[in-house]
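>>> Structure here, sequence nowhere to be found:
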């Protein structure tokens, strides 16, 4: 686990891994076994954790800048962090599709144009795609949101952030109750597309959460208070897990998001016994795996579907083998990308944006 940045707070890194695994397990069960019996439908809610955490960290970066906030540096940090894996994931998916389904060169060109380039440039105005496109939608979409909010956060004063956060909470609750999560109603206008509004609202909830975090940090608790806080943390985590396992969809989504907000507050406080227990390099290592797992687990699923599908029926024991395979493949590709692709990208971007790149540091 060499090369781990010890400045990264370990506890939220651990929860990043937990929620990315919830997403991966959901995809494994849906696409390989065509049913869900371990985490029910609630695994999709892992996506919300990343938007909340992104908004929280963005607000933290803004406050830590002490008036020298540079949105371009924040955007470049995200490019450095996720796009090398993203690009390699696209290339591997195209190669795998070419080896399994393409009927010729023209077919490959059409596939790249219709399922890759169009998807990359016009999302979120295209609807959610099939298995081979899932490796694209979240990262492209997340970057668009992150870039936009990075540019406007400096214009939100404290009162504006409070109003925006309240509006975001109400918006998320409304769409959770009436429109579900990932799947869009084709009759709904593009400007009120549920997935887009949900994620934007969730990211602003994360920004408002940092203001709450600053206030909570000022509270002095006794030893008994910290014990009660630790018990509350465990209960909230159990409540979040229960709802994701058994009560997905509708307002249950909203309750899970509120639980996730509390988990983030506890994670950054680092004062409860669970947060202290998770504050180690193992958690940091697992957190670093989260993005490669998100990008590459779908490639593993796609490969298993085409090459090992005869062995799937009635052999649930293989499920654990496939999960281990997915983690090992993702870890290997992530390490190769970090060592051989990211340094070249850093040099290239640094040559274009010398001042901004000098401000880029892992958080």
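Looks like it came in fine. Small disclaimer: the values here were computed from a predicted structure and weren't measured.

>>> so which helix or strand takes in the residue most central in space within the chain?
Nearest to the centroid of the C-alpha atoms of the chain, with distances taken as Cα atoms, centre = their mean, sits residue 50, at 3.7 Å. Assigned by DSSP states H and E, residue 50 belongs to helix 46-64.

>>> in that helix, what's buried?
With burial defined by 16 or more other Cβ atoms under 10 Å, the residues of helix 46-64 counted as buried are 46-62. From N, CA and C alone the C-beta is placed, and that goes for glycine too.

>>> What of stretch 156-169?
156, 161, 164, 165, 168, 169.

>>> so who does the fifth one touch?
Taking Cβ atoms under 8 Å, 6 or more residues apart in numbering as the contact definition, residue 168 lies against 200, 201, 202, 204, 205, 208.

>>> Show me the shaky parts of the stretch 101-250 of the chain.
For the stretch 101-250 of the chain, applying pLDDT under 70 flags the ranges 101-140, 178-194, 248.

>>> where exactly do the strands run in it?
Ranges of strands within the stretch 101-250 of the chain: none, based on DSSP state E, counting those that start in this stretch.

>>> all helices for it, in order.
Ranges of helices within the stretch 101-250 of the chain are 105-112, 118-122, 134-152, 158-178, 194-217, 223-246, based on DSSP state H, counting those that start in this stretch.

>>> So which elements touch the lengthiest helix in the chain?
Among all segments of the chain classified by DSSP state H, the helix with the greatest residue count is helix 71-100. Judged by 3 or more Cβ pairs under 8 Å, 6 or more residues apart in numbering; DSSP states H and E, helix 71-100 is in contact with helix 105-112, helix 134-152, helix 281-307, helix 317-336, helix 342-352, helix 354-358.

>>> looking at the ones you listed, which is buried most?
The highest mean neighbour count among those, using mean count of other Cβ atoms under 10 Å, belongs to helix 281-307: a mean of 21.

>>> Of all the helices of the stretch 101-250 of the chain, which one is nearest residue 337?
Between residue 337 and those, the shortest separation by Cβ to Cβ is 13.6 Å, and it involves helix 134-152.

>>> For residue 281, see how far away residue 81 is.
Residue 81 sits at a distance of 19 Å from residue 281 (criterion: Cβ to Cβ, to the nearest Å).

>>> what's the answer for residue 9, then?
Counting by Cβ to Cβ - residue 9 and residue 281 are separated by 12 Å.

>>> would TSV of the helices of the stretch 101-250 of the chain with distance to residue 21 be doable?
TSV is the format used below for those (distance: least, Cβ to Cβ, whole Å):
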stretch	distance to residue 21
helix 105-112	30
helix 118-122	25
helix 134-152	15
helix 158-178	23
helix 194-217	20
helix 223-246	12
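
>>> Go through those and name the closest to residue 341.
Using Cβ to Cβ as the measure, helix 134-152 is the one of the helices of the stretch 101-250 of the chain that comes nearest residue 341, at 15.3 Å.

>>> wait, doesn't residue 17 sit right on residue 289?
Yes - A contact is recorded between residue 17 and residue 289 when judged using Cβ atoms under 8 Å, the distance being 6.1 Å.
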